[in-house]
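**Q** Just the structure for this:
(one chain, ligands or ions: 3)
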Amino acid sequence: MSRPRYPDGPSHNWTLEEQYARCRLHEIGEKRLIQILTRHWKQDRGVLRALEEDCAVFRGLPDQGFWLLKIESVVEGVHFTKGTPFFLVGRKALARALSDLAAMGAIPRYAMVALAASPRLSLFALQRLYEGMERLAKAYRLFFVGGETVRSDALLITVSLLGHTPGYRPVLRCGARPGDSLFVTGELGGSFPTKHLVFEPRLREGQWLAQNRLARAMIDLSDGLASDLSQLARASGVSFELDFSKIPRRPGISLSQALQDGEDYELLFAVAPAKVSQLQKQWPFRTKLTCIGLCHPADPKASQTLDAFHGFDHFA
Ligand SMILES: Nc1ncnc2c1ncn2[C@@H]1O[C@H](COP(=O)(O)OP(=O)(O)O)[C@@H](O)[C@H]1O
Ligand SMILES: Cc1ncc(C[n+]2csc(CCOP(=O)(O)OP(=O)(O)O)c2C)c(N)n1
Ligand SMILES: [Mg+2]
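**A** Ligands and ions are numbered 1, 2, ... in the order given. Now for the predicted structure:
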């Protein structure tokens, strides 16, 4: 007899897999959820990296470098409040996706926008929201090529971006090696209530680091330094040692806020020992650059962990 598709009732013997499937999302957490949903996905040879990177990376034709694809959403009540000016909601929706392209050193080219909005929202509001996106797109010379519109009680904007790295390799999360120095741009913490709406994605900095092959692993800080550094280290198979006194903080911000507030949208990257002085001498930007620590060989017993600090998790 075939088993019922959705078994239930007191007589059913649950397999481990079935028990797991009944867990609620808050018991699993965001990262583990993504892993469970995607672990059986297969890729073809054109895909250089799919999951666990800031963008998916594809091989272009010879001489064309690589193509990168990203999708990011902002949701009312999660990424902005009801009173947030619509111009800034639109700006943030695009800036968040741009920050992920920056983290791989890519140049953004084309964007699509999905919009979920209430029928009661005014046209004026959405025009301001689109203006916010368009102003930023113009500054980075990127073009909108379409989108999608649906009805929803909560306002949600999803931006998908296509970018490329013509003639150079994108910087992955997995390239850090023991001995590398860890650098961060800007200042961390205290992104709410204002900075998360008006931050400048570090596109020029990321592109410069990739084109000059100065960063060998990079990530943008969205969930907080503690969480995002742990991700970069795990992807690279290294451990790390932070000099907490060096972590650049925004005025009035404590160390634990700098580690776990999130939405900094700064770049964290690893630099080989032989390239550290070149980086420091040639850094051409006004953006603050700080060395905050070192990478070490992976050693679960001896390595520093930031487990005591919590990053942002949509389901925790
Ligand atoms: N619902 C989903 N289905 C498939 N893949 C996902 C989903 N959500 C996130 N991912 C992938 O998981 C990885 C981590 O996602 P996320 O934490 O949102 O990255 P980021 O902080 O760089 O925006 C990325 O490779 C992303 O493409
Ligand atoms: C109303 C509101 N609540 C909370 C926050 C703080 N916040 C929202 S999302 C987030 C983390 C980053 O967002 P996520 O969607 O996880 O970005 P990703 O890692 O996918 O780039 C933080 C710190 C906020 N900006 N606005
Ligand atoms: Mg990211």
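**Q** burial count for the residue of the stretch 151-300 of the chain found nearest ligand 1?
**A** Scanning the stretch 151-300 of the chain for proximity to ligand 1 using C-beta to the nearest ligand atom identifies Ser222 as nearest, at 4.6 Å. Every C-beta, even on glycine, is put in place using the N, C-alpha and C of the backbone. Counted with other C-beta atoms under 10 Å, residues neighbouring Ser222 total 22.
**Q** just the one 5 residues further on next, same as before
**A** Around Ser227 sit 20 other residues, with neighbours defined as other C-beta under 10 Å.
**Q** Please name the nearest non-neighbouring residue to it.
**A** The shortest distance from Ser227 to any residue other than its chain neighbours is 2.2 Å, reached at Gly311 (C-beta to C-beta, 6 or more residues apart in numbering).
**Q** Quick check, the one you found in contact with Ile219.
**A** No. Here Gly311 does not reach Ile219: they are 11.8 Å apart, not a contact under C-beta atoms under 8 Å.
**Q** and for these two, which residues touch both?
**A** When contacts are counted by C-beta atoms under 8 Å, 6 or more residues apart in numbering, the set common to Gly311 and Ile219 consists of Asp228.
**Q** Those two: which is more packed in?
**A** Between Gly311 and Ile219, counted using other C-beta under 10 Å, Ile219 has the larger neighbour count: 26 against 23.
**Q** Give me every residue in the stretch 151-300 of the chain lying close to ligand 2.
**A** With C-beta under 6 Å from any ligand atom as the criterion, the stretch 151-300 of the chain meets ligand 2 at residues Phe192, His196, Ser222, Asp223, Gly262, Glu263.
**Q** Go again with 5 Å.
**A** Proximity of the stretch 151-300 of the chain to ligand 2 is confined to His196, Ser222, Asp223, Gly262, Glu263 under the rule C-beta under 5 Å from any ligand atom.
**Q** can you pull out the strands in the chain?
**A** Remark: strands of the chain, listed N- to C-terminal, are 47-49, 56-59, 66-75, 107-117, 143-151, 156-165, 181-185, 217-220, 238-242, 267-271, 289-297; assignment by DSSP state E.
**Q** Make TSV from these and add distance to Gln211 to it.
**A** As requested, those are arranged in TSV below (distance: least, C-beta to C-beta, whole Å):
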stretch	distance to Gln211
strand 47-49	18
strand 56-59	16
strand 66-75	13
strand 107-117	10
strand 143-151	22
strand 156-165	8
strand 181-185	16
strand 217-220	13
strand 238-242	24
strand 267-271	14
strand 289-297	16
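**Q** Show me the shaky parts of the stretch 151-300 of the chain.
**A** 300 (pLDDT under 70).
**Q** Which residues of it lie near ligand 3?
**A** Applying C-beta under 5 Å from the ion, one finds that the stretch 151-300 of the chain approaches ligand 3 through Asp220, Ser222.
**Q** quick one, helices of the stretch 151-300 of the chain?
**A** Along the stretch 151-300 of the chain, the segments classed as helices by DSSP state H, counting those that start in this stretch run 195-198, 203-211, 225-236, 255-260, 276-282.
**Q** With respect to Tyr110, which of those lies nearest?
**A** Using C-beta to C-beta as the measure, helix 203-211 is the one of the helices of the stretch 151-300 of the chain that comes nearest Tyr110, at 15.0 Å.
**Q** Would you mark the buried spots in that closest one?
**A** Along helix 203-211, these residues count as buried under the neighbour rule (16 or more other C-beta atoms under 10 Å): Leu203, Glu205, Gly206, Gln207, Trp208, Leu209, Ala210.
**Q** Give me the residues contacting it.
**A** Contacting residues not belonging to helix 203-211 are listed as 98, 101-108, 140, 165, 168-171, 185, 214-215, 218, 267, 269, 284-285, 287 [C-beta under 8 Å, 6+ apart].
**Q** Could you turn the buried ones of those residues into a ChimeraX selection?
**A** With 16+ other C-beta under 10 Å as the criterion, this ChimeraX line picks the buried residues out of these:
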select :98,101,102,103,104,105,106,107,108,140,165,168,169,170,171,185,214,215,218,267,269
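**Q** And Cys174, how far from ligand 2?
**A** Relative to ligand 2, Cys174 is positioned 17 Å away (C-beta to the nearest ligand atom, to the nearest Å).
**Q** I'd like to know how many residues surround that residue.
**A** Cys174 sits with 16 neighbouring residues when counted by other C-beta under 10 Å.
**Q** Excluding chain neighbours, what is closest to it?
**A** Of all residues beyond its chain neighbours, the one nearest Cys174 is Ala235 (4.2 Å), with distances taken as C-beta to C-beta, 6+ apart.
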